[in-house]
Structure formats: structure tokens, C-alpha cells
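Engineer: sequence? don't have it. structure:
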Ligand SMILES: Nc1ncnc2c1ncn2[C@@H]1O[C@H](COP(=O)(O)OP(=O)(O)OP(=O)(O)O)[C@@H](O)[C@H]1O
């Protein structure tokens, strides 16, 4: 729930927070008070934005919409009904959350610039609507807050009170962001940002997760918006639903370091004071000249430290902090009972996965043509066929990544019931794991974190997920690389990581797509041993492989796919000696010879 304040990172953060809180109280002048209120407000806005823009990687440029909704809701409730802005703050957050759901559902399916453009369009639409609904919003001239003084109305003569409230709200947003980053949700959002398909394969419902992030971010933005507009005592569409504001919030996070907890705060604390000072210095030159300073800083940062302040200096700061003492004894690790796959008393040859008469067309190409297959309990079924025969297309249908045009897929779930699934996350939750032909590691995360992402399917507890990951790392020979970033692994290591991540979901059925492609003979031998160990632990395996020797050595049965159809299936020796199979691989002349 809270950081371990005995650890150097946590207590140093606490000291820094105390310092930034004390400075404005100590200096106590109008300039400093205003500057620190702005610093807390913009840091909080940027930290809230970062939940969607950084963790989930969705570049929203319309976040001011929630800031404006918060501000308008509170101001209208106070002005029309005499309701305190504290209640307005909660009402605004609820409305913003609801609006975020409505907006997110269609827009979060868009990628990159399309999503950014959609958010700008929504911001503009809301701004125009507020101008149009003049009778109750005040139109383009805006509305002022009645000047009732006191804590109930968040209007004070003593400006120091604003610092206290701004700081408390900033702490709230910071805590939520920290909590998300450390929890399963944070890992899930980063996984979605890095590789959406791989995220779906470990059971993440990507759209739901992004919507959750958008709602939390919107509600927090709205709360801060309410406070800031109450502080300004005036709201109008141009400043509340402003593209400039949206870009400014995103820019602070970008400069500080996207996707980190502290980055947006560092970005705000670096840029905002410079820009505010420049506003004073450059006001004589022309209105809005301080925007030039923002632009210059952004260009310098993008050119020199593309991963922002946190990316450039974060590792050095972490190393320095690691030298500081831990205050007290480190917590003992909790022990968790390992939940391994169980066979539910099934005997060998009892089916666990059935595909019946699958058809899949891509335009005029029939990639899957009436394919039926059955995978049995404790079996290794090899799937072979020439390049482009349609093997991966069958895999994609068997794991929910492609919907068959016709045909049925049923599997025995973890509880022993026959079920039909239609999305990758449902397959994963029911006990089917898969790897990808081209390895899809979450490159920015360590090997341990990559495997934990699979383990999170069964637990939201970080320590338990870590223990499952350690167990799987041992099974897949990855213990030596736990703290290595996935991007630094060799091809063999990446392939094993693919298997490990799928295994961490504790599947009963595992689909392995060319896990030996590109490996040297030593790594192939290791992979063969690993697959045998996995089968021995009670998992049924469907294996696409071009390495014939390994497939022959591993498979109990082999199914051959050619031109989208099942050519034959049976015992490995019978299959490879079948003239039709030789012809499919090597051509008619070779077969005749
Ligand atoms: N999304 C897609 N859109 C259009 N065509 C596709 C798509 N996916 C696969 N195909 C085509 O379907 C056919 C079967 O491809 P698939 O990847 O399933 O073959 P494969 O047997 O796995 O091949 P390989 O062994 O080379 O991986 C190929 O002709 C491929 O170009």
C-alpha cells in the first residue's frame, strides 16, 4: 500500500517532498506561493497524464478536457446551488471518469498519431459545446466563482492555504501513480505499451486495462482541475479546454521521462520555473513569448536525452541511493505454495484441445482449408509443413488471435470443463499459453519482470508473481539473466524467455511456434531438454518446428500441413517416410527418385 520507508529510495523521496513543501511556507511571498502552487498543480496534472501517456503509451493531447470538466462542474455547482467545491471536485471526477469511458472505448483502439488527433478533436468539440451552451455555462465569457472565503469554499486570503491543499492533492496523485506502477496494473500497462499481442497472450484484456488507466487518469486530472480553477476563481472555455494546457502537461512528462513515477515531477520542476521567470522577462518583447522557452527546452531534451531526465540521470541517481543504508532489517521474503498444472486425473490420450473443420481466408488466399486436429493430455504433437503452408495461421486461431471463418475450437479448461474461447486473454485464462515465431519480449523490462507478467495471470501479489517467475526461470535455464534487460538477451535467451513467459501463466496446453529457429546445436539440445521437462510437468504441447531432427525426437505424433490442408498425421517415422510429405517438402522429382 505504501513504500517501505526504510529503503533509501523511499526516505530520500520523503525528504525531498518535505523540502519542497517547506520552501514556500518559509519564503512566504506572493511570488513563491504562486510558483509552488503551480508546481504542485502541474506536477500532479503531468503525473496523472503519465498514467495514460507514459505507462500505457497512449499520447493523449486532449487531457485538458478533464481539467475543464472538473473546473466547470465545481464552479457551476457553487454558483447555481451553493454547493461546496469539495463536493464539486468529487462530482467532477465522477463525470470525468464517465466521460473517459465513453471517449476511451472507441479511441483507445486507435494507434499513435490517430489516437492523439482523436483526443484533440474531442477537446475541441467539448470546448465548442461549452461555448454554445451559453445559458448555463456562461459561453465564451466564462463564469466566476462567488468569493465566499473559507475552507468550505477553497477561497482564502491567506495564500499559504492554497499551498497546503495543492501539496496534499499532489501527494494523492503521486501515491496513486506510484501504486499503479508497482502493482500488476502497472506491469500490464507497460506490457501493452511495448507489445500488445504478447500482452494479450499472457491473458491481459488490453482494451479494459487501457480504459481503467484512462478513467483513473481522467478522475485525477479533474480533481486537480477543480482545485486550480477554484484557485483562479474564474473559468472560461479557452483556458479550461485548452490545447496549450494539454500539450504543456504532456511535455513536462516527456522532458522528465515518460512512464516513470518521478519523471513528470522532475520535468515540471525543471521547466515551469524557467518558463515562469521568462514570462516576466519576455513580457516586454511580446505576449506568449515564454512559449518559446518551452519549445527550446523540448528541442534540446529530445535531441540530447530522448528518454528524458529520468532516462538520462535515473540510473546514476539509483546507484548513488544504493550506497545509502537501509534503515533496519530487510523484510523476510514470504513463502507461497506453488500451484502447478494438474492433470485432473486425466489419462494419456484423453483430448485437451480440439479443432474441427477450420477455414480461414485472407482475401482470395485460403490459408486454412478444413483443418481438424486433436491434442491429447501429456502429448507432444509436432506440426510441420513447408514455408507458408499455414501453420502459424492455425496457431493463431487456436489461441484466439484470429477468428476462424468456419469451424470450432474447444479446449479443456483448468477446471476440467470443455469450453469455447474467442479472445487471446480468455484462452490464456483458461490454461492455454503460446509463444510467437518472432520473439516478442517486453524489451524495456528485465527477464524477471517479463516472466512475472505471465505469472500475474494467477495472482496480483508482486512477491508471489516473483516466486512463480523464479521457479519458471529455473525450469527454462534463465536464472543467470534475471536482472538483464530482455533486449540484451541472445536469440537463444529470447526464445527461452518466450517459453518462460507462457509457462508462468501455468498453462495446461502450450503452443510453441518455432522456438528452435535460429539456435545453435547446443541451444537446440537445451531446448529439447526443456520441452521434455515441460511435458513431464503435466503440460500438453503443440509444436511448430522446422528442425526435423528435434521434432522427430520430441513428438509423439506429427501433423503435416500443406497449402492450408492437413496432408497427413501419425507417428513421426511413418509421417516422414510418407511420399506425399517428401513431395510437399522437396518436390515431385525428389519424391520419384
Ligand atoms: N494476416 C495475413 N494477411 C494475409 N495473408 C496472410 C496473413 N497471415 C498469413 N498470411 C498468408 O497465409 C499463408 C500461410 O501463412 P502462415 O504464416 O500461416 O504459414 P506458415 O506455415 O506458418 O509459414 P512459415 O513456416 O514460413 O512460418 C501465407 O501465404 C501467408 O502469406
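Structural biologist: Sure, I can see it. Since this is a predicted model, take the numbers as computed values, not measurements.
Engineer: from residue 367, how far off is residue 397?
Structural biologist: In this structure, residue 397 lies at 10 Å from residue 367, with C-beta to C-beta, to the nearest Å as the measure. Just so you know, the C-beta spots here come from the backbone N, C-alpha and C atoms, and that holds for glycine as well.
Engineer: now for the two: what residues contact both?
Structural biologist: Overlap between the neighbourhoods of residue 397 and residue 367 consists of residue 360, taking contacts as C-beta atoms under 8 Å, 6 or more residues apart in numbering.
Engineer: from the chain's centre, how far out does stretch 460-473 sit?
Structural biologist: Relative to its parent chain, stretch 460-473 has a centroid offset of 19 Å by C-alpha atoms, centre = their mean, to the nearest Å.
Engineer: just stretch 573-581 next, same as before
Structural biologist: With C-alpha atoms, centre = their mean as the basis, the distance from the averaged C-alpha position of stretch 573-581 to the chain average is 46 Å.
Engineer: now do stretch 60-79
Structural biologist: Centroid separation between stretch 60-79 and its chain, computed with C-alpha atoms, centre = their mean, is 27 Å.
Engineer: could you do stretch 126-146 as well?
Structural biologist: Taking C-alpha atoms, centre = their mean, one finds stretch 126-146 lying 37 Å from the centre of the chain it belongs to.
Engineer: got it, and stretch 407-416?
Structural biologist: Taking C-alpha atoms, centre = their mean, one finds the center of stretch 407-416 at 28 Å from the center of the full chain.
Engineer: near residue 30, how many other residues are there?
Structural biologist: By other C-beta atoms under 10 Å, the residues close to residue 30 number 8.
Engineer: that one reaches residue 160, doesn't it?
Structural biologist: No. Between residue 30 and residue 160 there is no contact, the gap being 10.6 Å when judged by C-beta atoms under 8 Å.
Engineer: any chance you could map the strands in the stretch 351-500 of the chain?
Structural biologist: Counting by DSSP state E, counting those that start in this stretch, residue ranges of the strands within the stretch 351-500 of the chain are 351-362, 365-376, 380-384, 406-412, 418-419, 432-434.
Engineer: pick the most deeply packed of those.
Structural biologist: Ranked by mean neighbour count under mean count of other C-beta atoms under 10 Å, these are led by strand 432-434, which reaches a mean of 29.
Engineer: residue of the stretch 151-300 of the chain nearest the ligand, please.
Structural biologist: When distances are taken as C-beta to the nearest ligand atom, the stretch 151-300 of the chain approaches the ligand most closely through residue 197, which lies 12.2 Å from it.
Engineer: where does the stretch 401-550 of the chain get nearest to the ligand, residue-wise?
Structural biologist: Among all residues of the stretch 401-550 of the chain, residue 437 sits closest to the ligand, at 5.8 Å; criterion: C-beta to the nearest ligand atom.
Engineer: OK, contacts around the closest residue to that residue other than its chain neighbours?
Structural biologist: By the measure of C-beta to C-beta, 6 or more residues apart in numbering, the closest residue to residue 437 outside its immediate chain neighbours is residue 513, 4.4 Å from it. By C-beta under 8 Å, 6+ apart, the residues touching residue 513 are 391-392, 395, 434-437, 544.
Engineer: could you report the pLDDT at residue 593?
Structural biologist: According to the per-residue confidence, residue 593 scores 55 in pLDDT.
Engineer: show me the shaky parts of the stretch 251-400 of the chain.
Structural biologist: Low-confidence regions of the stretch 251-400 of the chain, defined by pLDDT under 70, span residues 286-288, 330-348.
Engineer: repeat for the chain
Structural biologist: If you take pLDDT under 70 as the line, the chain has these spans: 286-288, 330-348, 586-593.
Engineer: helix, strand, or coil at the most centrally placed residue in it?
Structural biologist: The geometric centre of the chain, computed from its C-alpha atoms, lies nearest to residue 189 (C-alpha atoms, centre = their mean), at 1.6 Å. Under DSSP: H, G, I helix; E, B strand; the rest coil, residue 189 falls in the helix class.
Engineer: where along the stretch 401-550 of the chain do the helices fall?
Structural biologist: Remark: helices assigned in the stretch 401-550 of the chain by DSSP state H, counting those that start in this stretch are 424-430, 447-455, 462-475, 491-503, 521-536, 548-554.
Engineer: what's the most buried one of these?
Structural biologist: Of all these, helix 447-455 has the most neighbours on average by mean count of other C-beta under 10 Å, namely a mean of 27.
Engineer: from residue 267, how far off is residue 559?
Structural biologist: Using C-beta to C-beta, which is the criterion applied here, residue 559 is 55 Å from residue 267.
Engineer: and the residue lying closest to residue 206 once chain neighbours are set aside, what element?
Structural biologist: Nearest residue to residue 206, sequence neighbours excluded (C-beta to C-beta, 6+ apart): residue 192, at 5.0 Å. In the assignment (DSSP states H and E), residue 192 maps to helix 184-194.
Engineer: ok, then the element right after that helix?
Structural biologist: Toward the C-terminal end, the helix or strand that comes next after helix 184-194 (DSSP H and E) is helix 196-201.
Engineer: show me which residues of this protein sit near the ligand.
Structural biologist: 362, 365, 367, 385, 387-393, 437 (C-beta under 6 Å from any ligand atom).
Engineer: got a list of what the closest residue to residue 503 other than its chain neighbours touches?
Structural biologist: Nearest residue to residue 503 in three dimensions, chain neighbours excluded: residue 472, at 4.9 Å (C-beta to C-beta, 6+ apart). Residues near residue 472 by C-beta under 8 Å, 6+ apart: 451, 454-455, 500, 503-504.
Engineer: could you rerun that using 6 Å?
Structural biologist: Contacts were defined as C-beta atoms under 6 Å, 6 or more residues apart in numbering; by that measure residue 472 touches 451, 500, 503-504.
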